[in-house]
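Participant: pasting the structure only:
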């Protein structure tokens, strides 16, 4: 994790780290090809939607998918 943060800082914040299926990971991730989202606690799977092995970390927000207007 520190290595990804270090690379992002060196690239001026424009660097997107991609992880591969089988990599140990924990959190919310999106398929780099189709955007399919998964929450993992141990390791990244192959995308069940398209079979891709590339993932990018996604920030979670409790309001990210809200369709209600206040």
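Facilitator: Received it, and whenever you're ready, just let me know what you need. None of the values given here were measured: they were computed from a predicted structure. Numbers count the residues shown, from 1 in each chain.
Participant: and residue 22, what element?
Facilitator: Using DSSP states H and E, residue 22 sits within no helix or strand.
Participant: How about it, nearest residue that isn't a chain neighbour?
Facilitator: Nearest residue to residue 22 in three dimensions, chain neighbours excluded: residue 43, at 6.1 Å (C-beta to C-beta, 6 or more residues apart in numbering). The C-beta positions use only the backbone N, C-alpha and C, and glycine is treated the same way.
Participant: for the one you found, phi and psi?
Facilitator: Main-chain torsions, residue 43, degrees, to the nearest 10: phi -160, psi 160.
Participant: quick one: contacts for it?
Facilitator: Shown in contact with residue 43 (C-beta atoms under 8 Å, 6 or more residues apart in numbering): 22, 23, 24, 25.
Participant: at 10 Å what do you get?
Facilitator: Taking C-beta atoms under 10 Å, 6 or more residues apart in numbering, we find residue 43 in contact with 19, 21, 22, 23, 24, 25, 26.
Participant: is it in a bridge, and if so with what?
Facilitator: residue 24 (DSSP bridges).
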